[in-house]
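# here is my input, please return the structure:
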Amino acid sequence: MCGFIVVLHIEIFIRKYSCGSMKLIFENDMKKTIRKPENWQDFENLCKKLWGEIWQIPNTIKKNGRLGQEQFGVDIYGIPKGEKGYWGIQCKGKDEYSNAKLNELEIENEIEKANNFKPPLVVYIIATTANKDSKIEEYVRLKNVENQAKNTFEILLFCWEDIVDLLDENPEVLKFYLSGTHKARFDFKVSINEFQERHTLTPLFEKQIIKTKLIDKTPSDFLGLKLKLLPPFTFSSLFCSNLINKSWCDFEIVMENIGLVVIEDWYFTIKFKKGIRKIYEGSYMFPNFPMTTYIDNKTKTITYRPLNNRPLIQKDNKYFEVSVLPNKKTFKVIAEWELRARDYSCNGTIEMEIKPTYIEVEKINEVGNSELLHSEKILIRDYVVEKN
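Below is the predicted model:
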């Protein structure tokens, strides 16, 4: 009987501590399987949810401002339950979606910015997906001592392993994160004209076939001929033109919200990297007309901002017209676009073929010296015609 009891106690001991070990292994494996957020928006959403629970203010914790506004080093802020002053969080996404690492200069710059946050912060948290680094942690501790000696805010650093520990202590947030509900389910699509994936530019170019012809004329005859070929001068010709450049090509850029949530505080840019000489700036003709597009011909960039900062709701689209002057010796346009919004950003590339049509024009230059004769030349120019 005593032997049985001893065996039973040993069995209980083994079960008890082996289960504990299994639990520890399970928890460690689980921490290893908690993937870092895919982008900075998801990381910011996770931090807001996590510290909202930790501070016990899930409904009053806020993101700071909107995209493009000065944030003074603070992405998220709130007054934790039981506290009287504001605490701020700076979210630094690293490693998984950036080649950069958190460094001392970056921390220093964010602390300097946070000094200008109003009202003054009590605690400043730097949350990062970067892995723990003893040198960086030491640097933050020293900055914290230095800051508090100046009677300013306390500085805390939470690396990804620290955040995983906090998630383990807040199972509802962990469930929220692992289920993917932290993702805002944004999606955005760019197309051309009637929602086309592909488009071809078809500019008109003039192909001048230049020949020379030897004739018997005096130098004064050639001078008179050149003067006759000059267009007649009129006062209106200084300010107006009755010519149209048929080499310009028009198309529409269509921007669609194909996601499940509203896109707010957004703007769109497209930069032509290859194949375009110039973009038409029609706003000069109507300076008081409310414009949504802004053109920079130096960088060949167009920026679209919706009137009155209107959001782009689900299944809705906006578009703007583009007029470009294609290169004469390039047969492909490459443009890079980017969407920037309050909680979302994405980018992509558009490619278009250039298939010009050539209007052949024969031009004969009369010369009085055989030495000026040359073989036939081809010159490609913009196709410019008079207005009807």
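# which SSE is the residue nearest the centre of the chain in?
A centroid search over the chain (CA atoms, centre = their mean) returns Glu338, at 3.8 Å, as the residue closest to the centre. Assigned by DSSP states H and E, Glu338 falls within strand 332-340.
# what comes up buried for that strand?
Across strand 332-340, burial judged by 16 or more other CB atoms under 10 Å covers Val333, Ala335, Trp337, Leu339, Arg340. Where C-beta positions appear, they are placed from N, C-alpha and C, glycine not excepted.
# closest to Glu360 among these?
The shortest gap between Glu360 and any of the buried residues of strand 332-340 belongs to Val333, at 24.6 Å (CB to CB).
# per-domain residue ranges of the protein.
The chain is divided into the following domains under automatic domain parsing: 38-178, 188-202+245-357.
# include mean pLDDT and distance to Ile209 when you put those domains into a markdown table, please.
Compiled in a markdown table, those are given as follows (pLDDT from 0 to 100; distance: least, CB to CB, whole Å):
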| stretch | mean pLDDT | distance to Ile209 |
| --- | --- | --- |
| domain 38-178 | 89 | 53 |
| domain 188-202+245-357 | 89 | 16 |
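# one step back: tell me which residues form a beta bridge with the residue nearest to the centre of the chain?
Thr269, Asn347 (DSSP bridges).
# that one and Gly348: what is the separation?
8 Å (CB to CB, to the nearest Å).
# and Ile354, by the same measure?
From Ile354 to Gly348 the distance is 20 Å (CB to CB).
# coming back round to it: so who does the residue nearest to the centre of the chain touch?
Counting by CB atoms under 8 Å, 6 or more residues apart in numbering, Glu338 touches Phe268, Thr269, Ile270, Ser345, Cys346, Asn347.
# burial of the residue lying closest to Lys315 once chain neighbours are set aside, as a residue count?
Distances taken as CB to CB, 6 or more residues apart in numbering place Asn257 nearest to Lys315, at 6.8 Å, with adjacent residues excluded. Neighbours of Asn257 under the rule other CB atoms under 10 Å: 23.
# what's the answer for Asn365, then?
Neighbours around Asn365, by other CB under 10 Å: 12.
# hang on, it in a strand?
Yes. Assigned with DSSP: H, G, I helix; E, B strand; the rest coil, Asn365 falls within a strand.
# that one touches Ile210, doesn't it?
Yes. Between Asn365 and Ile210 there is a contact under CB atoms under 8 Å: 6.6 Å.
# next, Ser247: secondary structure please.
Classified using three-state DSSP, Ser247 is coil.
# list the contacts for it?
Pro203, Leu204, Phe205, Leu325, Pro326, Asp382, Tyr383, Val384.
# dihedrals phi and psi, it?
Main-chain dihedrals, Ser247, degrees, to the nearest 10: phi -80, psi -10.
# could you measure from it over to Ile354?
Per CB to CB, Ser247 is found 11 Å from Ile354.
# and for these two, which residues touch both?
Common neighbours of Ser247 and Ile354 (CB under 8 Å, 6+ apart) are Pro203, Pro326.
# mind listing the helices for the stretch 151-300 of the chain?
With DSSP state H, counting those that start in this stretch as the criterion, the stretch 151-300 of the chain has helices at 160-169, 171-178, 219-229.
# tell me what the first one is packed against?
It stands for helix 160-169. Helices and strands touching helix 160-169, by 3 or more CB pairs under 8 Å, 6 or more residues apart in numbering; DSSP states H and E, are helix 2-33, helix 40-54, helix 171-178.
# the second one too?
Contacts defined by 3+ CB pairs under 8 Å, 6+ apart place helix 171-178 against helix 40-54, helix 160-169.
# may I have the longest one as PDB, with CA atoms only?
Think helix 40-54. Only the C-alpha atoms of helix 40-54 are listed here, as PDB (Å, rounded to 0.1, in the frame of the first residue of the first chain):
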ATOM      1  CA  TRP A  40       2.900  50.800 -39.700                       C
ATOM      2  CA  GLN A  41      -0.900  51.400 -39.900                       C
ATOM      3  CA  ASP A  42      -1.500  47.900 -38.400                       C
ATOM      4  CA  PHE A  43       1.100  48.600 -35.700                       C
ATOM      5  CA  GLU A  44      -0.400  51.900 -34.800                       C
ATOM      6  CA  ASN A  45      -3.900  50.300 -34.600                       C
ATOM      7  CA  LEU A  46      -2.500  47.600 -32.300                       C
ATOM      8  CA  CYS A  47      -0.800  50.100 -30.000                       C
ATOM      9  CA  LYS A  48      -4.000  52.100 -29.700                       C
ATOM     10  CA  LYS A  49      -6.000  49.000 -28.800                       C
ATOM     11  CA  LEU A  50      -3.300  47.600 -26.400                       C
ATOM     12  CA  TRP A  51      -2.600  50.800 -24.400                       C
ATOM     13  CA  GLY A  52      -6.300  51.700 -24.400                       C
ATOM     14  CA  GLU A  53      -6.800  48.500 -22.400                       C
ATOM     15  CA  ILE A  54      -3.700  49.000 -20.300                       C
END
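# so what touches it?
With CB under 8 Å, 6+ apart, helix 40-54 has contacts from 36-37, 58-59, 61, 63, 75-76, 78, 80, 89, 91, 93, 97, 125, 127, 129, 163, 166-167, 170, 172-173, 176-177, 182-184, 186, 343-345.
# could you flag which of those residues are buried?
36-37, 61, 63, 75-76, 78, 80, 89, 91, 93, 125, 127, 129, 163, 166-167, 170, 173, 176-177, 182-184, 186, 343-345.
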